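[1] I would like the atomic coordinates for the input below:
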Amino acid sequence: MSDFTYPRERGLKNLCAARCSKRFVLPSAPNNHALVVTVLEPELQANVRLAANPDSRIFHATSLSDAYSATRQSTFGLFLISPTLVAVTEEERLKILLAHRAGFRTAGVVREQAPATEAGLSTLDSCGIRTVLDLSTKEDWKLLRSLVVEPFNTNANTIATHLRPALEVCSGDMRQLILRLLREAPTVRTVRAFSKRIGVSSDTLATRFFTARLPSVKSYLAAFRLLYATALLENRELSLARVSCLLEYSSPQSFSRHIKVALGISATDLREHYGFSGLLQNVIDGLFLRYRVELTLFMPYGTVRHEQRCRNALTKP
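    This next block holds a predicted model:
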């Protein structure tokens, strides 16, 4: 993650400019609570409501088209679907929804797996939904709870809201990749791991970014992980060890080394003296505004007008 050093001198100046005796805390974006969109049977809908926090926003859709519309309310969230409600004829619509809503985590939900659900499970698997929760088991119930109240959704929505003007300079494909990268950043430490999740080889991604004269994917990933770290450090109740654990660093020392290499300051200094807003502006300037021309034309998936095709295909009767 060490190649987020390109703006080091400039970045430190920006961070120093944000330093003040009274810490500046970025205001939360409106409606930034986790959004949960479901296509589930009534019994499973009730289970989701039980697992959620009171401030969670939950929308129970009756169709994939309704779910598509609901997911437009938030950049990040959770999409839950029952395999028994997915017709084989809707496989393409589901693939398009998942491709267009890159900021949403996805999972299938069942109560007890029965032979009738096998076809639906096959459809989910072919669409890339690998996680299926069986709520008749204690372990999967706990996992549902952790997904619904996932602490990163609020931070991701806040970051995405303030990145939105910068994302406007990106092509549709690049915007989708950035949102997916931002969503995965808390739990993905390497470009290789991220590339496996999106189905594009790391070498291909690296070549496309290099050819377009953009910073590397690793630079964007490192920057987003630092944004999450800084946002978490704003919470004084979280220790450095806890933050490093949440971001899946191997140890607090590894977390501190990452910050030292990337920003030239210690994790303690980052918490005590520098605000989230300073780093956020540094990322916007260094990774987006500086490359506005390149980002407008860049197609990381090698497709053309992917965003428009997704919207048109999903909304067809």
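[2] would you list every one of the helices in the stretch 201-317 of the chain?
    Ranges of helices within the stretch 201-317 of the chain are 202-211, 217-233, 240-246, 252-263, 267-273, 276-283, 292-297, 306-315, based on DSSP state H, counting those that start in this stretch.
[3] could you export the ones you listed as CSV, including mean neighbour count?
    In short, each C-beta sits where N, CA and C put it, glycine included. Shown next, in CSV, are the helices of the stretch 201-317 of the chain (neighbours: other CB atoms under 10 Å):
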stretch, mean neighbour count
helix 202-211, 14
helix 217-233, 23
helix 240-246, 17
helix 252-263, 18
helix 267-273, 17
helix 276-283, 22
helix 292-297, 14
helix 306-315, 15
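[4] identify whichever of these lies nearest to residue 138.
    helix 240-246 (23.0 Å; CB to CB).
[5] returning to what we had before: among the helices of the stretch 201-317 of the chain, which is nearest residue 148?
    Among these, if distance is taken as CB to CB, the winner is helix 240-246, at 16.8 Å.
[6] what sits against the closest residue to residue 41 other than its chain neighbours?
    Closest residue to residue 41 apart from its sequence neighbours, by CB to CB, 6 or more residues apart in numbering: residue 82 at 5.8 Å. Taking CB atoms under 8 Å, 6 or more residues apart in numbering as the criterion, residue 82 is in contact with 39, 40, 41, 44, 108, 109, 110, 120.
[7] go ahead and confirm the first one touches residue 83.
    When you say that, I think you mean residue 39. No - using CB atoms under 8 Å, residue 39 makes no contact with residue 83, being 10.2 Å away.
[8] so between these two, which is more surrounded?
    Between residue 39 and residue 83, counted using other CB atoms under 10 Å, the more crowded position is residue 39 (24 against 21).
[9] and the residue lying closest to that one once chain neighbours are set aside, what is it in contact with?
    Residue nearest to residue 39 in three dimensions, not counting chain neighbours: residue 81, with 4.6 Å by CB to CB, 6+ apart. Residue 81 is in contact with 38, 39, 40, 67, 94, 106, 107, 108, 109, 124, 129, counting by CB under 8 Å, 6+ apart.
[10] again with residue 159
    182, 224, 227, 228, 231, 280.
[11] please repeat the previous calculation with a cut-off of 6 Å.
    residue 227 (CB atoms under 6 Å, 6 or more residues apart in numbering).
[12] how close does it sit to residue 216?
    Residue 159 is 20 Å from residue 216, where distance means CB to CB, to the nearest Å.
[13] the closest residue to residue 184 other than its chain neighbours and residue 96, how far apart?
    Ranked by CB to CB, 6+ apart and with sequence neighbours excluded, the top spatial neighbour of residue 184 is residue 194, at 5.8 Å. Distance of residue 194 to residue 96, given as CB to CB: 22 Å.
[14] and residue 265, how far is that from residue 282?
    Using CB to CB, residue 265 is found at 13 Å from residue 282.
[15] ugh, typo on my part, it should be residue 180
    For residue 180, the distance to residue 282 - CB to CB - is 22 Å.
[16] now residue 57. Nearest residue, chain neighbours left out?
    Closest to residue 57 by CB to CB, 6+ apart is residue 35, at 4.8 Å.
[17] for that neighbour, what are its contacts?
    57, 73, 74, 77.
[18] tell me what it is bridged to.
    residue 57, residue 77 (DSSP bridges).
[19] roughly how far does it sit from residue 229?
    24 Å.
[20] what's the answer for residue 67, then?
    From residue 67 over to residue 229 (counting by CB to CB), the distance is 32 Å.
[21] now residue 289
    Where residue 229 is concerned, residue 289 sits at a distance of 22 Å (CB to CB).
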